[in-house]
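Peer 1: I need the structure of the sequence given here:
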Amino acid sequence: METEELKQLFQKVVRHYDNDQTYAEQQWAEIEAAYTEPGRHYHNLDHIKYMMGKALEIRHFIKDWDAFAFSTFYHDIVYDTRRKDNEEKSASVGALAAVNTGLGQGRATKVREQIIATKKHEWSEDEDTNYLTDIDLLILGESWELYQNYTVNIRKEYSRYLDFMYNMGRKKVLKHFLKMERIYKTDYFYEKYEAPARQNLQRELNNF
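Peer 2: This is a model prediction of the structure:
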């Protein structure tokens with residue numbers, strides 16, 4: 001998926017509610033500026049392209065596509081490896097954008113909750129949320145080559161930390177995922193990605 005196609009997907013949702021092209025352009029400009037900030041090697045527009053590509057494959061399962069799309073586009077709009085509240089801040093930005101666009105307060109609240117859910121990736125009673133958190137983690141179950149590329153880019157994002165500090169934190173993350181009863185909460189993605197994700201995670205952990 002090219003950046004222009006991603007932009008069109010976003011603006012199509014926006015223009016359901018606000019047909020002002022200038023507003024749609026401004027909203028996209030803010031998203032593009034955030035995801036192309038220096039230091040974003042994984043949590044960038046490529047990550048959003050990947051997620052939206054996967055989301056389009058299962059769009060027929062999503063009950064509220066517009067809210068889901070907003071959650072996807074905004075879920076990492078605030079990303080600073082020195083902070084621990086990126087999801088909360090991203091949720092606030094996404095919810096405000098949803099309100100300003102015209103989705104309504106109720107759906108803006110849904111956007112907020114969905115984005116915050118990407119912090120812990122726990123099972124949710126809302127199935128759209130489960131699809132979002134699953135798609136956010138699908139890279140874990142891709143080929144070993146793609147998985148390695150992901151780990152390299154994550155390391156670049158944390159380049160301010162010395163190896164011993166980063167490795168300690170990374171091993172903690174790997175063990176956290178491996179201890180999960182299910183990494184993927186939806187049956188659709190569980191069947192396709194659970195086994196390879198666990199193999200990749202264990203293989204990386206074994207390399208430390």
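Peer 1: residue contacts, the residue nearest to the spatial centre of the chain?
Peer 2: Centroid-nearest residue in the chain, with CA atoms, centre = their mean: residue 136, separated by 4.2 Å. The neighbours of residue 136, taking CB atoms under 8 Å, 6 or more residues apart in numbering as the test, are 51, 75, 118, 121. C-beta coordinates here come from the backbone N, C-alpha and C atoms, glycine included.
Peer 1: just the buried subset of those, written out for ChimeraX, thanks.
Peer 2: Of those, the buried ones go into a single ChimeraX selection, burial set by 16 or more other CB atoms under 10 Å:
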select :51,75,118,121
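Peer 1: can you list contacts of stretch 155-173?
Peer 2: 39, 40, 41, 42, 43, 81, 82, 154, 205, 208.
Peer 1: what of stretch 109-124?
Peer 2: By CB under 8 Å, 6+ apart, stretch 109-124 touches 64, 67-68, 70-71, 74-76, 87-88, 90-92, 94-95, 98, 103, 126, 128-130, 132-133, 136-137, 180, 182-183, 185.
Peer 1: in this protein, which spans are helices?
Peer 2: 3-14, 21-35, 45-57, 65-74, 86-101, 105-117, 127-136, 144-157, 163-179, 187-206 (DSSP state H).
Peer 1: helices and strands around the last one, which ones?
Peer 2: I take that to be helix 187-206. helix 127-136, helix 144-157, helix 163-179 (3 or more CB pairs under 8 Å, 6 or more residues apart in numbering; DSSP states H and E).
Peer 1: dump it to PDB, restricted to CA.
Peer 2: The C-alpha trace of helix 187-206 is given here as PDB (Å, rounded to 0.1, in the frame of the first residue of the first chain):
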ATOM      1  CA  ASP A 187     -10.200 -17.000  16.300                       C
ATOM      2  CA  TYR A 188      -9.500 -15.700  12.800                       C
ATOM      3  CA  PHE A 189      -6.000 -14.400  13.700                       C
ATOM      4  CA  TYR A 190      -5.300 -17.000  16.400                       C
ATOM      5  CA  GLU A 191      -5.500 -19.800  13.800                       C
ATOM      6  CA  LYS A 192      -3.200 -18.000  11.400                       C
ATOM      7  CA  TYR A 193      -0.600 -16.300  13.500                       C
ATOM      8  CA  GLU A 194      -0.500 -17.800  17.100                       C
ATOM      9  CA  ALA A 195       1.900 -20.700  16.400                       C
ATOM     10  CA  PRO A 196       4.400 -18.800  14.200                       C
ATOM     11  CA  ALA A 197       4.300 -15.800  16.600                       C
ATOM     12  CA  ARG A 198       5.300 -18.100  19.500                       C
ATOM     13  CA  GLN A 199       8.100 -19.700  17.500                       C
ATOM     14  CA  ASN A 200       9.500 -16.200  16.600                       C
ATOM     15  CA  LEU A 201       9.300 -14.900  20.100                       C
ATOM     16  CA  GLN A 202      11.000 -18.000  21.500                       C
ATOM     17  CA  ARG A 203      13.600 -17.900  18.800                       C
ATOM     18  CA  GLU A 204      14.500 -14.300  19.600                       C
ATOM     19  CA  LEU A 205      14.500 -15.000  23.300                       C
ATOM     20  CA  ASN A 206      16.900 -18.000  22.800                       C
END
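Peer 1: with that, I have no additional questions.
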